[in-house]
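Peer 1: predicted model follows, preceded by the sequence.
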Amino acid sequence: MKKILFILFFPSFLFSQQKKIDSLEKLLSAAKKDTNKVNILNTLCWEYYNNGSEKSLEYGKEALKLAEQLNYKRGMARSNVRIGIVQWAKGQYPEALDSYFKAIKIYEAMGDSAKIPGILSNVGNIYAAINKTDEALQYFKKALDMDEKLKDKKSIAVSLANISNIYNMKEKLDDALLYSLKALQIKRELNDKRGLSITLNDIGVIYEKKFQYKKAQDYYFEGLKVSQDINEEPSIVLSYYNLGISSRKLDKMEDAINYLKKSFETATKIDDRQGVMEAAYELSETYAKENNYKNAYEYHQKYVQTKDTLLNEESSRQITEMQTKYETEKKEQQITLLNKDKELQDAQLNRQKIVIWSVAGGFLIVLMLSIFIFRERKKSEKLLLNILPAETAKELKAKGKASPKYYESVTIMFTDFKGFTTIAEKLSAEELVSELDFLFKKFDAIISKYNIEKIKTIGDAYMCASGLPTSNSNHAEEIVKAGLEIQNWMIEQNNKWQLRIGIHSGAVTAGVVGDKKFAYDIWGDTVNVASRMESSGEAGKINISGATYQILQGFQNLEGLEFKFRGKIPAKNKGEIEMYFVAG
């Protein structure tokens with residue numbers, strides 16, 4: 001839990017009001033080859049980056065190329081910064097450093113020093129990521145010097161915190177404490193409650209490393225109070241955890257167990273699996289020191305279970321293999337039946353020819369056979385449509401194959417059940433499949449009322465998409481309505497299942513996989529981000545990305561929908577993403 005948090009700087013111009021990507025594309029088509037086109041390309045680079053699209057880097061490089069042709073210095077600098085951020089997110093550290101240094105050089109030549117400190121902080125973050133602490137410290141201090149000259153208090157606090165974290169990594173605790181206390185003073189002046197809570201915990205950790213446990217607890221308690229005042233639950237998990245560890249070091253075992261349990265319970269409530277795992281591990285250790293081996297074993301099991309989930313979420317779902325096998329065999333039976341139907345149709349047509357030519361009075365028989373063939377063909381088509389979308393099935397029957405297609409804007413929904421593994425362990429295989437079948441059939445019925453295509457189920461996860469295979473402009477609105485209906489139905493059931501729903505919009509590629517076991521699937525980073533929306537959400541709620549929220553703002557018919565901005569939430573391998581809870 002005692003992680004070192006470095007703050008990535010995004011220049012203020014990157015946070016202007018977002019426009020929908022399709023509108024920007026139209027503006028780009030109409031724009032002349034001038035500085036305005038560079039600005040539009042840069043904005044598209046940022047929008048696609050927020051959507052997790054590979055096109056982000058493409059637009060950034062196009063913007064840079066045009067800016068260089070026009071000798072548009074500010075555009076060149078902005079393009080390099082955006083390209084650097086995308087490269088940093090992709091782990092392309094040398095390329096990102098090169099882009100950042102080019103941007104700094106241009107801003108220096110222009111005499112625009114306001115933008116440089118943030119870029120220097122980004123350079124420091126890259127060196128910290130590759131554990132080059134001396135280089136990271138050098139650039140964080142350069143950023144701090146410039147921030148102080150510009151008298152930008154918010155940026156000063158960021159640089160102070162980053163420097164403190166480097167000294168903490170280097171075990172130079174007095175220096176780390178000095179910079180953290182300076183950052184704390186500024187955050188108090190700015191009334192930055194969220195930042196204040198993080199810094200208070202950071203200071204507590206430093207005192208704990210200095211073996212001043214009571215002093216550390218003073219800061220943990222203050223951090224806890226600030227977090228509770230603003231209901232910042234991830235910080236509450238951290239404060240309780242730190243209080244538990246420091247209490248154990250003070251040999252206050254009862255307090256340690258109490259605080260660690262609160263950390264565990266809060267982390268479980270918000271589905272913070274890292275927090276659950278770490279609190280469970282420390283509870284196991286604490287109970288073992290108290291010779292309470294029953295509770296120690298119980299929490300050790302919870303630790304192992306959560307750790308397995310974090311290491312491989314798919315493999316930790318014990319039912320996935322069985323469920324996948326069940327669905328695969330079901331589809332194989334359908335394909336086999338389709339082949340048998342075709343053979344039957346060919347045989348019947350041959351018989352029809354014989355009857356027509358050999359028996360003049362066989363008209364009645366031919367008619368009966370035709371009716372039979374028609375019915376069997378209908379059955380075959382129904383089975384095919386149960387596997388593939390209508391448009392794809394039609395293309396497959398006509399051409400013998402279906403070409404993959406690129407969709408610029410669709411909306412994807414993932415659902416997942418909280419505590420699925422625990423519930424699954426209490427049911428037989430037959431009972432579990434039966435329950436999932438009942439739930440997913442209801443989901444199928446709900447999405448069929450909207451313009452939504454079911455993609456697949458993976459264990460207890462359900463995935464669907466709107467805006468394909470036939471494009472439609474209101475795909476975000478349709479899928480949010482369906483998600484609300486599903487969530488409301490689940491709540492009405494009042495049973496053991498609790499559902500998380502995540503929704504994200506962006507570009508995907510869709511097509512048919514295989515030539516024996518047909519499977520219609522979609523690919524692209526949009527799918528990964530949609531999955532992160534689900535895992536970053538809460539049971540009983542619908543979590544949508546900032547990209548989906550921006551699309552929804554373009555529709556007038558939003559009566560009854562409420563959006564709660566959650567802020568920028570860290571998503572695994574995706575950095576921070578704007579998220580909203582939506583209710584209706």
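Peer 2: On my side now, so go ahead.
Peer 1: please give me every residue in contact with residue 175.
Peer 2: Residues in contact with residue 175, defined by Cβ atoms under 8 Å, 6 or more residues apart in numbering, are 164, 167. For the C-beta atoms, the positions are set from N, CA and C on the backbone; glycine is no exception.
Peer 1: let's see 6 Å
Peer 2: When contacts are counted by Cβ atoms under 6 Å, 6 or more residues apart in numbering, residue 175 touches residue 167.
Peer 1: okay, it: pLDDT?
Peer 2: Residue 175 carries a pLDDT score of 93 in this model.
Peer 1: how close does it sit to residue 117?
Peer 2: Distance from residue 175 to residue 117, counting by Cβ to Cβ, to the nearest Å: 21 Å.
Peer 1: burial of the closest residue in space to residue 574 that isn't next to it in sequence, as a residue count?
Peer 2: Of all residues not flanking residue 574 in the chain, residue 532 sits nearest, at 5.6 Å (Cβ to Cβ, 6 or more residues apart in numbering). Using other Cβ atoms under 10 Å, residue 532 has 24 other residues around it.
Peer 1: same thing with the one 10 residues further on?
Peer 2: The local packing of residue 542 (other Cβ under 10 Å) involves 26 other residues.
Peer 1: tell me the spacing between the residue nearest to it when sequence neighbours are not counted and residue 427.
Peer 2: Excluding the flanking residues, the one nearest residue 542 by Cβ to Cβ, 6+ apart is residue 501, at 4.5 Å. Distance from residue 501 to residue 427, counting by Cβ to Cβ: 23 Å.
Peer 1: neighbour count winner among the two?
Peer 2: Ranked by neighbour count (other Cβ under 10 Å), residue 501 and residue 427 place residue 501 first, with 28 against 15.
Peer 1: so that one sits in a strand?
Peer 2: Yes - Residue 501 sits within a strand when classified using DSSP: H, G, I helix; E, B strand; the rest coil.
Peer 1: now do the contacts for it.
Peer 2: 415, 483, 487, 542.
Peer 1: and the second one, what does it touch?
Peer 2: With contact set as Cβ under 6 Å, 6+ apart, residue 483 has these partners: 413, 501, 542.
Peer 1: what's opposite the first one in the beta bridge?
Peer 2: Beta-bridge partners of residue 413, counted by DSSP bridges, are residue 464, residue 503.
Peer 1: what's the neighbour count on residue 37?
Peer 2: Neighbour tally, residue 37, other Cβ under 10 Å: 21.
Peer 1: and if you look at residue 457?
Peer 2: Residue 457 has 20 neighbouring residues, counting by other Cβ under 10 Å.
Peer 1: give me the element it is part of.
Peer 2: Using DSSP states H and E, residue 457 sits within strand 452-458.
Peer 1: what's that strand in contact with?
Peer 2: 389, 440, 463, 464, 465, 466, 479, 482.
Peer 1: how close does the fourth one sit to residue 410?
Peer 2: Read it as residue 464. With Cβ to Cβ as the criterion, residue 464 and residue 410 are 11 Å apart.
Peer 1: more neighbours, those two?
Peer 2: residue 410 (27 against 24).
Peer 1: report pLDDT for residue 88.
Peer 2: 82.
Peer 1: next: the one 3 residues further on.
Peer 2: Predicted confidence (pLDDT) at residue 91: the value is 77.
Peer 1: likewise the one 4 residues further on?
Peer 2: Looking at residue 95, its pLDDT is 89.
Peer 1: how about the helices in the stretch 51-200 of the chain?
Peer 2: For the stretch 51-200 of the chain, the helices defined by DSSP state H, counting those that start in this stretch cover 55-70, 73-89, 93-110, 116-129, 133-150, 153-169, 173-190, 193-209.
Peer 1: next, the residue nearest to residue 53 when sequence neighbours are not counted: secondary structure please.
Peer 2: Distance criterion Cβ to Cβ, 6+ apart; nearest residue to residue 53, sequence neighbours excluded, is residue 507 at 5.4 Å. Under three-state DSSP, the three-state class of residue 507 is strand.
Peer 1: neighbours of residue 507, just the number please.
Peer 2: 19.
Peer 1: gap between it and residue 554?
Peer 2: In this view, residue 507 and residue 554 are 17 Å apart by Cβ to Cβ.
Peer 1: what about residue 131, neighbour count?
Peer 2: Applying other Cβ under 10 Å, we find 9 residues neighbouring residue 131.
Peer 1: tell me where the stretch 401-550 of the chain has helices.
Peer 2: Under DSSP H, counting those that start in this stretch, the stretch 401-550 of the chain gives helices at 420-425, 429-447, 475-493, 525-535, 546-552.
Peer 1: and residue 220, which of the ones you listed is closest to it?
Peer 2: Proximity to residue 220 (Cβ to Cβ) singles out helix 525-535 among those, at 27.9 Å.
Peer 1: relative to helix 55-70, how tilted is that closest one?
Peer 2: On the basis of axes from the mean of the first three to the mean of the last three Cα atoms, to 10 degrees, helix 525-535 is oriented at 130 degrees to helix 55-70.
Peer 1: tell me what angle helix 525-535 forms with strand 452-458.
Peer 2: Going by the same axes, to 10 degrees, helix 525-535 makes 70 degrees with strand 452-458.
Peer 1: which strands or helices does helix 525-535 pack on?
Peer 2: Other helices and strands packing on helix 525-535, by 3 or more Cβ pairs under 6 Å, 6 or more residues apart in numbering; DSSP states H and E, are strand 405-417, strand 499-513.
Peer 1: and the last one, how far out from the chain's middle?
Peer 2: Right, strand 499-513. Once both centres are worked out by Cα atoms, centre = their mean, to the nearest Å, strand 499-513 turns out to sit 11 Å from its chain's centre.
Peer 1: mind listing what's buried in it?
Peer 2: 499-508, 510-512 (16 or more other Cβ atoms under 10 Å).
Peer 1: next one: stretch 29-48
Peer 2: With burial defined by 16+ other Cβ under 10 Å, the residues of stretch 29-48 counted as buried are 31, 37-48.
Peer 1: ok, and what's touching that stretch?
Peer 2: Residues from elsewhere that reach stretch 29-48, judged by Cβ under 6 Å, 6+ apart: 14, 21, 24, 27-28, 55-56, 59-60, 62-63, 66-67, 72, 75, 78-79, 82.
Peer 1: give me the mean pLDDT for that stretch.
Peer 2: Stretch 29-48 carries an average pLDDT of 79.
Peer 1: ok, back up a step: gap between the residue nearest to residue 574 and residue 524?
Peer 2: Looking at residue 532 against residue 524, where the rule is Cβ to Cβ, the gap reads 14 Å.
Peer 1: which SS class is residue 555?
Peer 2: coil.
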